[in-house]
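Participant: Sequence first, predicted model second:
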Amino acid sequence: MRFFTARDGLKIAYRVDDFTDPWSAPDTLLLVHAAMGNAKRWFRWVPRLARRFRVVRMELRGHGESGMPAAGAQFSLQHLVDDAIELLDLVGARAAHVVGNSAGGYVSQKLAIQQPARVKTLALFGSTPGLKQSHALTWLPLVKERGLRKFLADTIHERFDSGADAKLVEWFLGQAGSNDPVFVERFITHMCTHDFMDEIGRIQCPTLIVAAGKEQIGHAGAYGEMQKRIRGSELKLYDTTGHNICDGYPERCMDDLLEFILEAPEDEFLQYLKDSGEDPVALAREGREGIAAALKRHGQAKLAAARRDHSQQTGDIERLRQGIPADLQGKQNLLAQLIEKAKIAGHRVSFQNRDFKHAAAEDLDDAIQKLRALLARNSQT
């Protein structure tokens, strides 16, 4: 385990696992665990992911080996987001693929909203925009009455299917049940103040949303609304009531995650497609033919716009040239009139009479066009 000191002095724990080929330059993938979790909760994920990515696991403050916020110290979702940003800076990741599970997804969503350039792709597992629309506050008196582990055991049907591995469930109860119940109450109470559904439309990166289609902890209907609001996002619902899909269905989750990341366009190409008004995630599903067609559409649109601009500029030049006398004396007289008008309008004109009396015809034409353009702009304002 490694540690860094956050800007407010609290110790934050993290792990880095990289088993990619030594000659490769892997992307960074940040894993953010759920409430009452820690970095170990990703134990089934790391071996597979670390062959493809440099995997960074952060332990949220108050969890695992990270420091516990003092009772009188401030604690907020923003503190967790700031910790994630500091960690990305520390490990030298300009941008990362970010994976958030449940409350870890709140951190991940806020990171993508506030720091869009830092998030290459966003994958959310069982994570709505905050906990406000849940029944989580009803847990707190039950935790006080029964104790945290007993409460989790009594409500395990909300987190795991009946067919879940009994040893996994027992390990989960031991891990999650060992958290400080006072801080758990503080954490849940704070997260229940958050509902930032109206903000997620600002997420710009390719986004994958995975959830239990029949879950009881969050609001299952919220996931469809998230897909509508996050442009180009992809939604996958598993046929289960168990909220803990990252624990109960790790291989399926990783299959969906890797397929999603590997199909996501590269940064510069993604930006080009965004600029074209296309949906990059939808294009990725269409494959090469769809992407080629989008590029052709974008190129044709840019060519048409360039032709319109050229036509407009040509027309403007022709209008400025209209009525310029053919003879030298006529050009000089017209230029003198325009210089006088420009002075009356308050413009400083450097082309004096003594200059243009000996000027060539093409120089006079150029000066007349420039003065006409100047006076035209002045009349428009």
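Facilitator: Yes, it's here. Model, not experiment: these values are computed from the prediction.
Participant: how about C246, phi and psi?
Facilitator: The phi/psi pair for C246 (degrees, to the nearest 10) reads phi -70, psi -30.
Participant: That one: what's it in contact with?
Facilitator: A34, R41, W42, W45, N101, F125, G126, C253 (Cβ atoms under 8 Å, 6 or more residues apart in numbering). Quick note: C-beta positions are derived from backbone N, CA and C, even for glycine.
Participant: Which of these sits closest to K144?
Facilitator: Set against K144, the nearest of the contacts of C246 by Cβ to Cβ is A34 (21.2 Å).
Participant: which residues touch that closest one?
Facilitator: A34 neighbours (Cβ under 8 Å, 6+ apart): R41, N101, S102, A103, G104, G126, N244, C246.
Participant: again, 7 Å this time
Facilitator: R41, N101, S102, A103, G104 (Cβ atoms under 7 Å, 6 or more residues apart in numbering).
Participant: Report the beta-bridge partners for the second one.
Facilitator: If I follow you right, that is N101. F125 (DSSP bridges).
Participant: is it true that it touches G126?
Facilitator: Yes: look at N101 against G126 with Cβ atoms under 7 Å: they come within range, at 6.4 Å.
Participant: care to break the chain down by domain?
Facilitator: 2-264, 294-380 (automatic domain parsing).
Participant: Mean pLDDT added to these, as a markdown table?
Facilitator: A markdown table is the format used below for the domains of the chain (pLDDT from 0 to 100):
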| stretch | mean pLDDT |
| --- | --- |
| domain 2-264 | 95 |
| domain 294-380 | 72 |
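Participant: just the ones you listed: most buried one?
Facilitator: Most buried of those by mean neighbour count (mean count of other Cβ atoms under 10 Å) is domain 2-264; its value is a mean of 19.
Participant: May I have the distance across that domain, first residue to last?
Facilitator: This stretch, domain 2-264, spans 31 Å end to end (Cα to Cα, to the nearest Å).
Participant: Now do that domain: distance to the chain's middle.
Facilitator: How far domain 2-264 lies from its chain's middle: 16 Å, per Cα atoms, centre = their mean, to the nearest Å.
Participant: from here on, count from 114
Facilitator: Okay, residue one is now 114; in that scheme the one you just asked about reads as domain 115-377.
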